[in-house]
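Undergrad: Here is a sequence together with a model predicted from it:
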Protein chains: 2
Amino acid sequence: MNGAESLVQTLLDGRVDVCFTNPGTSEMHFCAALDQIDGMHCILCLFEGVVTGAADGYGRMLDRPAATLLHLGPGLGNGLSNLHNAKKARTPIVNIIGEHATYHVEYDAPLTADIEGIARPVSDWVCTSADSTSVASDAARAIAASCVSPGAVATLVLPADTAWGRSNGPARVISPAMPVKPESSAVQDCVRALRSGEPTMLLLGGKALRAGPLETAGRIAVGTGASMRSELMAARTERGAGRVSIERIPYPVDQAVEILKDVRHLILVGTVKPVAFFAYPDKPSLLTPPDCEVHTLAGPADDLPAALDWLAEELGVRSTAPELQVSQRPDLVSGALTTESIGSAVGHLLPENAIVCDESITSGRGLHLFTRGCAPHDWLAGTGGAIGRGLPEATGAAVACPDRPVLCLSGDGSAMYTLQALWTQAREDLDVTTVIFSNRSYAILHGELRNVGATPGPKAHDMFDLDRPDLDWPRLARGMGVEAVRVDTADQFNKALEAAFATRGPMLIEAVM
Amino acid sequence: MNGAESLVQTLLDGRVDVCFTNPGTSEMHFCAALDQIDGMHCILCLFEGVVTGAADGYGRMLDRPAATLLHLGPGLGNGLSNLHNAKKARTPIVNIIGEHATYHVEYDAPLTADIEGIARPVSDWVCTSADSTSVASDAARAIAASCVSPGAVATLVLPADTAWGRSNGPARVISPAMPVKPESSAVQDCVRALRSGEPTMLLLGGKALRAGPLETAGRIAVGTGASMRSELMAARTERGAGRVSIERIPYPVDQAVEILKDVRHLILVGTVKPVAFFAYPDKPSLLTPPDCEVHTLAGPADDLPAALDWLAEELGVRSTAPELQVSQRPDLVSGALTTESIGSAVGHLLPENAIVCDESITSGRGLHLFTRGCAPHDWLAGTGGAIGRGLPEATGAAVACPDRPVLCLSGDGSAMYTLQALWTQAREDLDVTTVIFSNRSYAILHGELRNVGATPGPKAHDMFDLDRPDLDWPRLARGMGVEAVRVDTADQFNKALEAAFATRGPMLIEAVM
């Protein structure tokens, strides 16, 4: 058994059995090992940003890592921005980065680069294997590192000779420590805040946004009169009818400040202090008012269900009935195609158990409201702000959950970053419906230009408009084997979305606004 | 004048008047400055790998930098692999990376990342501006750093508040030191080698591959009986009829070793020791035989024309006639579409003064021979081995040289990495003909799998085949506004290529092999 085979076997033993790949020469032995050792599902992507974004979507849905297989520094570089998103989402991922043979690095061949240097800003753990007998144990450590609560990006650099040399067989994966309960003092501090009679808000993030802990938080809110909000960018929120509904802190700074202005106690559960997405002249970075006291019940790595249970217990609200979202769906609307008509259609038609990958940017800000009374579903948002996340993430989510329909909502600008994901959706026959909000602009930037107080002129605006020439999304999708339709009325959109949900396999709808 | 305006004015004063952009919120003041200060040609790209690849193509053609405008760490990350190529090509580039306002970084907002950490592996110079009064002088230093012989990647990180705060106006760009002549001892050492009577080879790279120094090297070769070769991956080679023709060191290690096996003296001119692109089991990293003495006439940063002139003078061969390439073009061939028939068509039809961006990988290895007798033209090759270079580089070369026809030769696999370049070609109406070698596979990897001694099986091969589903390049191109045709016979290809060269503007030909 060579190093590559010991690596593949260790991954499988550690339940890492999906690998999103874009391999090159340095990864040949890993590829060859796939024919020697059974059980790894390798999924080819035509660009590394698709590889890493898919691994992010997969890990968010299953709470365990997929592997990626990438080609030296440049291959990792192409995957960097979706690894940035994954790191901010605290998604478990094991990156395998092929490297030159150990003895070849000194010759500074064309592809030689500082791989660890490139990896470090987007990884929680980085290691380069020294020889073929340590690859397996390094892989076991990488899996463990990626599974540290709540999840982390682990990057293992694999020199070619460590893959082709002899190994001592697979290594055993040590389970990482379980997430811990909060300190009693933290719970008591939060109890005092919630009993203070002053306006108090629970701010939930990370795994506190799953249905169970959300329900407990809902009991606390009803029992104490506290309000509840979700962090702005949440990796995965379980929502819909019969669950506790939660609105997020808004993106526009003024709106966020307005919502928080009367809050005197902010209780953090699995998240950090709310801050502005960007700084703007004469606007605050920190969104809480100066006289707001911030309490941390539990950090993102802690046992959030246990923390909320404990708090509910101390408050005596464990059997208080939470306010559950009633089942309600908007009616379909006719006429012009608008963000509202699309929101109505999505809310009216979203299948039960759907996974929504939301990269709709400006066009989708109201979608939350249209869909909160739908049948239960998961909502995945952009955690790191790097665009080009939606299509790859939907791809990975569909691989993770082959029996669940996936809806990807994307701006046209953001979809162009990683459109190659469509090819993998076709190749794997994934049940993904992609809606492109085709406003032919980086619409958010027209607003941001005003926000920063800059004086807009024609040359600046020209940098934000994508209408010269117009993108033709059905052609782009069909060019990669995905069926597609362009619509420009609400009725056409309603019909197309219904048809897409009724049919298995990938489908793209370009909604021309 | 705010910091952003002082930056734009400093760039213009330093002759940096083209900026390839993919901006976001942190770059809004830079965009606004474009309407305040005249003269910057900003070119929008829909993905950052296109931005940086275009800047590489531009810099290679003009020997002066374009600017890039990128959005924080993730935007830089997306551009990383083509910056890797540019750094290896020693192309002058000035990157402007927007960053959060200085006071906002500590809040760890979603887009916060270690930008300098991401930049360092692909940059020769990195700086983050501290305040709005130092932006202009930092920009002046960035330009100077990028122009250090023979060219370098300079990255300036621009926090948003340094862009919107008040400046003291533009700063003066200090010209960097001129490249230096070699030491006399180095010249004398090379003279001795060339007069030794032992087999001697001149290995040329970088700017030694321009027509002038090549001619001098040709005189030395004829006058001394030395052989000549080019480095494997050359940033730009001036070639064609009436110039000195030079073949490169081959990519396959066995072929390279065979060519170098009898060489006793290798003289480096603007390049480094030839090494294997990858390491393979039981094959050498260093391509020269153990008894070959390596002499450095001049390094890549040195004054290469002066070094070769001096050497020619010492050898008394300054008026020796070099062997010049005769004008000859292959005939067009009919029948099946093969790499040979395509090579014949390119050789037969290539317009005078064309710029060839070669990312044809396996399909193009014979193209050199078919084109060496064409009218004078420039040939740009992959210096860093990161694929996804061809289409962006062609875009940048066409912006740099609007009066020259550009031919981009790309594998289908490599073209998929940065296909968004086609949209910019349409938007700017660039005279680029793109030929896609559509063999529906990462063909090079089938060979590499054998090279590394791995046992190929069906699962491994499945990772290298792009035929499930087939890509439809005409649809992809038209989806971005570029006219396109698919051909599968030699006659169809010949006709399509002739038509593309006869018409201004972008055109894509998918050659199905």
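TA: Thanks, I have it.
Undergrad: Neighbours of the nearest residue to residue A:232 once chain neighbours are set aside, how many?
TA: Once flanking residues are discounted, residue A:232 sits nearest to residue A:249: 4.8 Å by CB to CB, 6 or more residues apart in numbering or on different chains. For glycine as for every other residue, the C-beta is placed from the backbone atoms N, C-alpha and C. Burial measure for residue A:249: 21 neighbouring residues, criterion other CB atoms under 10 Å in any protein chain shown.
Undergrad: Break chain A down into its structural domains.
TA: According to automatic domain parsing, chain A comprises the domains A:3-164, A:184-315, A:339-512.
Undergrad: hmm, back to that, and the residue nearest to residue A:232, what does it touch?
TA: Residue A:249 makes contact with A:203, A:229, A:230, A:231, A:232, A:256, A:259, A:260, A:274, A:287, according to CB atoms under 8 Å, 6 or more residues apart in numbering or on different chains.
Undergrad: Swap in 10 Å and give it another go.
TA: Residues in contact with residue A:249 (CB atoms under 10 Å, 6 or more residues apart in numbering or on different chains) are A:201, A:203, A:205, A:229-233, A:255-256, A:259-260, A:271, A:274-275, A:277, A:287.
Undergrad: Pull out the buried residues from the residues you listed.
TA: A:201, A:203, A:205, A:229-233, A:256, A:259-260, A:271, A:274-275, A:277, A:287 (16 or more other CB atoms under 10 Å in any protein chain shown).
Undergrad: which SSE is residue A:485 in?
TA: strand A:483-487 (DSSP states H and E).
Undergrad: which element follows that strand toward the C-terminus?
TA: Immediately after strand A:483-487, counting by DSSP H and E, sits helix A:490-502.
Undergrad: what sits up against the worst-scoring helix or strand of chain A on mean pLDDT?
TA: The least trusted helix or strand in chain A, going by mean pLDDT, DSSP states H and E, turns out to be helix A:443-451, with a mean of 83. By CB under 10 Å, 6+ apart, the surrounding residues in contact with helix A:443-451 are A:251-254, A:277-278, A:280-281, A:283, A:361-363, A:387, A:411-414, A:437, A:442, A:454-457, A:460-461, A:463-466, A:513, B:23-29, B:31-32, B:71.
Undergrad: out of those, which are inside strands?
TA: Cross-referencing those against strands under DSSP state E gives A:411, A:437, B:71.
Undergrad: For PyMOL, what selects the buried ones among these?
TA: To isolate the buried ones among those in PyMOL, judged by 16+ other CB under 10 Å, type:
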select buried, (chain A and resi 411+437) or (chain B and resi 71)
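Undergrad: related to what we said a few turns ago, what pairs with the strand holding residue A:485, and is each one parallel or antiparallel?
TA: strand A:507-512 (parallel) (DSSP bridges).
Undergrad: Could you pull up the mean pLDDT of the strand it pairs with?
TA: The average pLDDT within strand A:507-512 is 98.
Undergrad: May I have that strand as CSV, with CA atoms only?
TA: Extracted in CSV, the C-alpha atoms of strand A:507-512 (Å, rounded to 0.1, in the frame of the first residue of the first chain):
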residue,chain,number,x,y,z
MET,A,507,-32.5,23.2,-14.5
LEU,A,508,-31.7,26.9,-14.8
ILE,A,509,-34.2,29.8,-15.1
GLU,A,510,-33.0,33.2,-16.1
ALA,A,511,-35.3,35.8,-14.7
VAL,A,512,-34.9,39.0,-16.7
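Undergrad: angle of that strand against helix A:490-502?
TA: Here strand A:507-512 runs at an angle of 160 degrees relative to helix A:490-502 (axes from the mean of the first three to the mean of the last three CA atoms, to 10 degrees).
Undergrad: Give the buried residues for strand A:507-512.
TA: A:507, A:508, A:509, A:510, A:511, A:512.
Undergrad: swap in stretch A:145-157?
TA: Residues of stretch A:145-157 classed as buried under the neighbour-count rule (16+ other CB under 10 Å) are A:145-157.
Undergrad: Next, the distance between the ends of it.
TA: One end of stretch A:145-157 to the other measures 14 Å (CA to CA, to the nearest Å).
Undergrad: could you measure the residue nearest to residue A:232 against chain B, distance?
TA: The gap separating residue A:249 from chain B is 12 Å, by CB to the nearest CB, to the nearest Å.
Undergrad: And the residue nearest the centre of chain A?
TA: With distances taken as CA atoms, centre = their mean, residue A:235 lies nearest the centre of chain A, 4.7 Å away.
Undergrad: Check for me that residue A:407 belongs to a strand.
TA: Yes - secondary structure of residue A:407 (DSSP: H, G, I helix; E, B strand; the rest coil): part of a strand.
Undergrad: returning to that earlier point: and the furthest pair within the buried ones among the contacts of residue A:249?
TA: Using CB to CB, the buried ones among the contacts of residue A:249 reach their maximum pairwise distance at A:201 and A:277, which is 19.0 Å.
Undergrad: Quick one: residues contacting residue A:321.
TA: So, once contact is read as CB under 10 Å, 6+ apart, residue A:321 ends up touching A:215, A:218, A:219, A:222, A:223.
Undergrad: Could you do residue A:6 as well?
TA: A:33, A:37, A:132-137, A:139, A:162-163, A:166-171.
Undergrad: now do residue A:324
TA: By CB under 10 Å, 6+ apart, residue A:324 lies in contact with A:215, A:218, A:241, A:242, A:243, A:244, A:245.
Undergrad: And for the last one, the neighbour number?
TA: Going back to what we said before, that points to residue A:245. The number of residues packed near residue A:245 is 21, by other CB under 10 Å.
Undergrad: Would it be right to say that it lies in a helix?
TA: No - going by three-state DSSP, the assignment for residue A:245 is coil, not a helix.
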